[in-house]
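In: how would this look folded up:
(one chain, ligands or ions: 1)
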Amino acid sequence: MNSFGNMAEAVIAGDFETVKKMTQTMIDEQVDPIAIINQGLMAGMNVVGVRFKAGDMFVPEVMMSARAMSTGIELVKPLIADTNMPSAGKVVIGTVKGDLHDIGKKLVVMMLESAGFQVVDLGVDQAPADFVKAVQEHNPHVVGMSALLTTTMLKMKDTVDALKEAGLRDKVKVIVGGAPVNRSFAEQIGADGFASDAATATDLCKTLAQ
Ligand code: B1M
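Out: Modelled structure (predicted):
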């Protein structure tokens, strides 16, 4: 297996020490930083996404892989001018008003970042006006809302309505997710998409951000 293959395997294994060493060695050998990201680090994380979706990997393992990948990215980042950093698009994401659950959202953020998205994570308990403000400020391709409570999922519709009122709805794609949310609810509230897990959310953003 070539070095990129070994690096991808170390990302899949969540072995951040090895990823760190391999990244530094490649940097010292003047390997193209973009190739390190695309062919080594992201290649590994892509496999993680597929395995997680298939139920062959679980949340703690995915988090270890994401941490390993970030360790490598942090070393490579300073070598790449901001404009050259490969970006899959920009996503603003938050947990809706009244809801403090964020473990799943953090996983979505990690997967998105691992896939090359620029992510603005607003955190938890975000009111419709907070999402509107963030869309105005960051001009993302996609805005994502997470909710874990049957009561707070209703805030997703309020946020879609607030985006409409602010004249922003046509400028941004909206996706929703979280345990009580499903595709039919997403359609009812006028969202562009629903994802049941972090890997699907990443695939959806890849499609919507094109
Ligand atoms: Co809460 N809680 N909780 N809780 N909690 C649930 C959700 C609950 C189902 C437990 C239960 O009763 N069986 C229940 C909700 C019932 C309902 O509404 N139907 C519940 C309740 C009632 C409450 C409180 C009201 C309890 C109380 O105080 N009486 C309270 C509410 C606080 C509030 O938010 N205002 C509360 C509090 C908490 C803690 C703070 C203790 C803690 C949260 C800590 C934190 O997040 N920082 C907590 C936890 C941990 C849970 C459970 C046990 C686990 C949730 C979790 O993290 N799952 C949960 C029971 C359960 O789900 N088994 C429960 C793991 C995570 C990886 O999965 O979040 O589903 P998940 O994310 C997935 C997908 O849903 C998807 O991708 C993720 C990764 O694959 N996804 C998206 C998520 N967001 C997405 C966004 C996307 C796309 C996909 O696009 C934007």
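In: When you work out contacts or count neighbours from here on, use the C-alpha atoms and nothing else.
Out: OK.
In: Where does G104 sit: helix, strand or coil?
Out: Put simply, G104 is helix when judged by DSSP: H, G, I helix; E, B strand; the rest coil.
In: residues near it, how many?
Out: Using other C-alpha atoms under 10 Å, G104 has 19 neighbouring residues.
In: wait, doesn't it sit right on A195?
Out: No: contact status for G104 versus A195: not in contact, 11.6 Å apart, counting by C-alpha atoms under 8 Å.
In: The biggest helix by length in the chain packs against which elements?
Out: For the chain, the longest helix by residue count, based on DSSP state H, is helix 59-76. With contacts taken as 3 or more C-alpha pairs under 8 Å, 6 or more residues apart in numbering; DSSP states H and E, helix 59-76 sits against helix 3-12, helix 16-28, helix 42-53, helix 103-114.
In: Please parse the chain into its domains.
Out: 2-84, 89-208 (automatic domain parsing).
In: Confidence-wise, which of those domains is weakest overall?
Out: When those are ranked by mean pLDDT, domain 2-84 comes last with a mean of 89.
In: how far away is the residue nearest to S65 when sequence neighbours are not counted from V109?
Out: Once flanking residues are discounted, S65 sits nearest to G14: 3.9 Å by C-alpha to C-alpha, 6 or more residues apart in numbering. G14 sits 17 Å away from V109 when distances are taken as C-alpha to C-alpha, to the nearest Å.
In: Kindly report the same for V92.
Out: Relative to V109, and taking C-alpha to C-alpha, V92 is found at 10 Å.
In: residues in contact with D32?
Out: Neighbour list for D32: empty [criterion: C-alpha atoms under 8 Å, 6 or more residues apart in numbering].
In: any idea how far it is from the ligand?
Out: D32 sits at a distance of 32 Å from the ligand (criterion: C-alpha to the nearest ligand atom, to the nearest Å).
In: Give me the contact status of stretch 172-191 with the ligand.
Out: Yes: counting by C-alpha under 6 Å from any ligand atom, contacts between stretch 172-191 and the ligand involve 175-179.
In: export that stretch as PDB, just CAs?
Out: Extracted C-alpha coordinates of stretch 172-191, given in PDB (Å, rounded to 0.1, in the frame of the first residue of the first chain):
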ATOM      1  CA  VAL A 172     -29.900  29.200   0.800                       C
ATOM      2  CA  LYS A 173     -30.700  25.500   1.000                       C
ATOM      3  CA  VAL A 174     -32.200  24.200   4.200                       C
ATOM      4  CA  ILE A 175     -31.600  20.800   5.700                       C
ATOM      5  CA  VAL A 176     -33.000  19.300   8.900                       C
ATOM      6  CA  GLY A 177     -32.100  16.400  11.100                       C
ATOM      7  CA  GLY A 178     -32.300  14.900  14.600                       C
ATOM      8  CA  ALA A 179     -34.000  11.800  16.100                       C
ATOM      9  CA  PRO A 180     -37.700  13.000  15.900                       C
ATOM     10  CA  VAL A 181     -37.400  14.500  12.500                       C
ATOM     11  CA  ASN A 182     -38.200  12.600   9.300                       C
ATOM     12  CA  ARG A 183     -38.400  13.200   5.500                       C
ATOM     13  CA  SER A 184     -42.100  13.900   5.500                       C
ATOM     14  CA  PHE A 185     -41.800  16.500   8.300                       C
ATOM     15  CA  ALA A 186     -39.000  18.200   6.300                       C
ATOM     16  CA  GLU A 187     -41.200  18.400   3.300                       C
ATOM     17  CA  GLN A 188     -44.100  19.800   5.400                       C
ATOM     18  CA  ILE A 189     -42.100  22.700   6.700                       C
ATOM     19  CA  GLY A 190     -40.600  23.500   3.300                       C
ATOM     20  CA  ALA A 191     -37.000  22.300   3.900                       C
END
